[in-house]
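Novice: The following comprises the amino acid sequence and a computationally predicted model.
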Amino acid sequence: MVHDVLCDVENCVWNRKGRKCGATEIFVSSRKGKKASDHHETDCQTFKPIQDA
């Protein structure tokens, strides 16, 4: 299992210092059914935007 998942999305509540994802689980889905040809065809479903206060 991967210990460090990196994330460049600055407005995600799970993004921690050092670009590390702090979510306990990560769900990645394919935009093209059950198979993807490259990273452009995938999405992180764990993403949750930071709400502006």
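Specialist: Noted; the coordinates are in hand. This one's a predicted model, so the numbers in the text were calculated from it and none came from an experiment. Residues are numbered from 1 along each chain as shown.
Novice: Show the end-to-end separation of stretch 13-25, please.
Specialist: Length of stretch 13-25, first residue to last, C-alpha to C-alpha, to the nearest Å: 13 Å.
Novice: So for that stretch, mean pLDDT?
Specialist: Stretch 13-25 carries an average pLDDT of 92.
Novice: Chain neighbours aside, what residue packs nearest to the residue positioned nearest the centre of the chain?
Specialist: When C-alpha atoms, centre = their mean is applied to the chain, the residue found nearest the centroid is Cys44 (4.0 Å). Counting by C-beta to C-beta, 6 or more residues apart in numbering, Val28 is the residue found nearest to Cys44 once chain neighbours are left out, at 5.7 Å. The C-beta positions use only the backbone N, C-alpha and C, and glycine is treated the same way.
Novice: one step back: which residues sit in contact with the residue nearest to the centre of the chain?
Specialist: 7, 9, 26-28 (C-beta atoms under 8 Å, 6 or more residues apart in numbering).
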